[in-house]
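Undergrad: model this:
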Amino acid sequence: MKESESQPLLTNNLVLEETLTLVVARFNGNSFHLDKIHKLFWGDDNFFQIEYLRQEDYKTVFDDLKKYTTPKRLLSSVDASLISLYQKYNADKIISFDSHFDNILKRLY
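TA: Residues are numbered from 1 along each chain as shown. Now for the predicted structure:
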């Protein structure tokens with residue numbers, strides 16, 4: 001891949017579900033904010049791809065959760081799913097504000 005070409009940004013359906021739940025809770029189900037999320041995930045300006053986990057993917061997610069969770073680094077299953085996605089595609093970095101990804105993978109931000 002040429003340096004000028006960029007890899008697609010990926011996320012998965014677990015992040016989608018977590019985002020929808022957060023928006024409903026924070027904005028009391030306000031449809032304005034739900035419409036914004038709809039445009040973000042499925043609109044014309046969408047800038048990333050959503051990978052939908054299959055049943056067999058959850059074993060890998062569980063294995064990563066067990067491997068990387070420690071008493072000092074408590075990961076969620078969604079966090080573990082992003083580690084699995086990162087490894088599956090041999091990604092360069094993850095975009096996250098969560099420092100618990102440090103020392104597992106390369107994090108941007």
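
Undergrad: and the longest helix for this protein?
TA: The single longest helix within the chain, with elements called by DSSP state H, is helix 13-26.

Undergrad: buried ones in that one?
TA: For helix 13-26, burial by neighbour count (16 or more other CB atoms under 10 Å) applies to Leu14, Val15, Leu16, Val23. From N, CA and C alone the C-beta is placed, and that goes for glycine too.

Undergrad: quick one: pLDDT of the second one?
TA: pLDDT, Val15: 95.

Undergrad: Next one: it from Ile94, what distance?
TA: Val15 is 11 Å from Ile94, where distance means CB to CB, to the nearest Å.

Undergrad: Please enumerate the shared neighbours of the two.
TA: Leu82 (CB atoms under 8 Å, 6 or more residues apart in numbering).

Undergrad: Retrieve the pLDDT associated with the closest residue to Lys93 other than its chain neighbours.
TA: Leaving aside its chain neighbours, Lys93 sits nearest to Lys106 (4.3 Å; criterion: CB to CB, 6 or more residues apart in numbering). On pLDDT, Lys106 comes in at 92.

Undergrad: How about Val61?
TA: At Val61, pLDDT is 98.

Undergrad: and it, how many neighbours does it have?
TA: 21 (other CB atoms under 10 Å).

Undergrad: mind checking the SS state of it?
TA: The three-state label given to Val61 by DSSP: H, G, I helix; E, B strand; the rest coil is helix.

Undergrad: Quick one: residues in contact with the longest helix of the chain.
TA: Residues outside helix 13-26 that contact it (CB under 8 Å, 6+ apart): His33, Leu34, Ile37, Phe41, Ile50, Glu51, Tyr52, Leu53, Ser77, Val78, Ser81, Leu82.

Undergrad: which of those residues lies closest to Leu65?
TA: Closest approach to Leu65 among those (CB to CB): Ser77, at 5.9 Å.

Undergrad: these two touch, right, the closest one and Asp63?
TA: No. Counting by CB atoms under 8 Å, Asp63 is not a contact partner of Ser77; they are 11.6 Å apart.
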